[in-house]
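Peer 1: mind folding the following:
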Amino acid sequence: MAGQAPLQAVRFDDRGLIPAVVQQHDTGEVLMVAWMSAESLQRTRELGETVFYSRSRRELWHKGATSGNTQRVVDLRLDCDGDTLLVLVDQGGHGFACHTGARSCFHRTLSTSSPTQEPDR
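Peer 2: This next block holds a predicted model:
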């Protein structure tokens, strides 16, 4: 059952951050995962485009502000525990969400078997 969650339902971690899974709204493709602070979440809501918190630079970053690959927010959803956001977007610009120039940050496949694992006999 869908419902509206109040902003107070958002549970930030002890660093004041919450993970945000970014997904293309019409295809379901997962584009990236980033972090949001209360301030970046508020800016995202105000701008209608994603704004994240960079843990390495310790500052806000407006996704695509320099590259042109902005993400227009279609919907913001909170998981059942209130500790993860799902951000449904329309990926703009050249369609690249990843800083490598790939459409999605999840463009590499990881083998499901260990190289040292013996095959079943």
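
Peer 1: let me know the secondary structure of residue 42.
Peer 2: Three-state assignment for residue 42 (DSSP: H, G, I helix; E, B strand; the rest coil): helix.

Peer 1: what about it, distance to residue 74?
Peer 2: 18 Å (CB to CB, to the nearest Å). All C-beta atoms are positioned from the backbone trio N, CA, C, and that covers glycine.

Peer 1: equivalent analysis for residue 92, please.
Peer 2: Taken as CB to CB, the span from residue 92 to residue 74 is 12 Å.

Peer 1: try residue 86
Peer 2: Residue 86 is 11 Å from residue 74, by CB to CB.

Peer 1: cool, and residue 37?
Peer 2: 21 Å.

Peer 1: so which of those two has more stuff around it?
Peer 2: residue 37 (20 against 14; other CB atoms under 10 Å).

Peer 1: quick check: bridge partners of that one?
Peer 2: Beta-bridge partners recorded for residue 37 (DSSP bridges): residue 17.

Peer 1: contact partners for it?
Peer 2: 12, 16, 17, 18, 53, 60 (CB atoms under 8 Å, 6 or more residues apart in numbering).

Peer 1: can you report how many residues lie near the third one?
Peer 2: The reference is to residue 17. Using other CB under 10 Å, residue 17 has 18 neighbouring residues.

Peer 1: tell me the pLDDT of residue 1.
Peer 2: For residue 1, the pLDDT comes out at 51.

Peer 1: residue 68 too?
Peer 2: For residue 68, the predicted pLDDT is 91.
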